[in-house]
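Novice: Sequence and predicted model, in that order:
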Amino acid sequence: MKAGLIRCLQTEDMCPATTCLKVMSTKKLAFEGIEEDIEVVGVNTCGGCPGKKAATRAEEMVKRGADTIVLASCITKGTPIGFACPHAEQMKAAIKRKVGEDITIIDYTH
C-alpha cells in the first residue's frame with residue numbers, strides 16, 4: 001500500500017502525526033489485517049476549514065504514487081481535541097470524486 005495521509009490543519013500545532021504514522025508502520029487499528037508493506041508517500045493537511053483543498057491535495061498524492069488516501073483521526077474522530085470535523089463526509093465525498101473509485105479511502109487512523 002502506498003498511502004497519502006490528510007490531517008486537520010486546525011490540530012497540526014498540537015499533534016505531529018506521530019500516532020498516525022506509528023499505527024501505519026505497525027499495522028494496528030485502521031491498518032490491522034493489511035499484509036502488504038505500507039509506504040507513506042505524503043502527508044498534508046486539508047487546507048483548513050471547510051477542507052476544500054483536501055481533494056486536490058489527495059489528487060496530487062495519487063499523482064505521486066498513492067493508491068490509498070487516509071483521513072487522519074483528527075478529521076473523522078476529532079482526536080486529540082474531541083471535536084470531529086463537521087465537513088468530514090463532504091471532504092471524503094469530494095476526494096472520492098477527484099481521485100476516482102480505484103483509490104482506497106481509509107476513514108481514520110487510530
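Specialist: Alright, I've got the coordinates.
Novice: which helix of this structure spans the most residues?
Specialist: helix 88-99 (DSSP state H).
Novice: Sort out which residues of that one are buried, please.
Specialist: Buried residues in helix 88-99, counting neighbours by 16 or more other C-beta atoms under 10 Å, are found at 88, 91, 92, 94, 95, 98, 99. Every residue, glycine included, has its C-beta placed from N, CA and C.
Novice: Take it, keep the C-alpha atoms, and write them as PDB.
Specialist: Below are the C-alpha coordinates for helix 88-99, written out as PDB (Å, rounded to 0.1, in the frame of the first residue of the first chain):
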ATOM      1  CA  ALA A  88     -15.500  15.200   7.100                       C
ATOM      2  CA  GLU A  89     -18.200  13.400   5.000                       C
ATOM      3  CA  GLN A  90     -18.300  16.200   2.400                       C
ATOM      4  CA  MET A  91     -14.500  16.200   2.200                       C
ATOM      5  CA  LYS A  92     -14.400  12.400   1.800                       C
ATOM      6  CA  ALA A  93     -17.000  12.600  -1.000                       C
ATOM      7  CA  ALA A  94     -15.000  15.300  -2.800                       C
ATOM      8  CA  ILE A  95     -11.900  13.300  -2.500                       C
ATOM      9  CA  LYS A  96     -13.700  10.200  -4.000                       C
ATOM     10  CA  ARG A  97     -14.900  12.300  -6.900                       C
ATOM     11  CA  LYS A  98     -11.500  13.700  -7.500                       C
ATOM     12  CA  VAL A  99      -9.300  10.600  -7.300                       C
END
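Novice: between the buried residues of helix 88-99, which is closest to residue 67?
Specialist: Nearest to residue 67 out of these is residue 99 (C-beta to C-beta; 9.8 Å).
Novice: Verify the stated contact: that closest one with residue 60.
Specialist: No. Applying C-beta atoms under 8 Å, one finds residue 99 not in contact with residue 60, separated by 10.0 Å.
Novice: what helix or strand is residue 42 on?
Specialist: Per DSSP states H and E, residue 42 falls inside strand 39-45.
Novice: No more questions from me, cheers.
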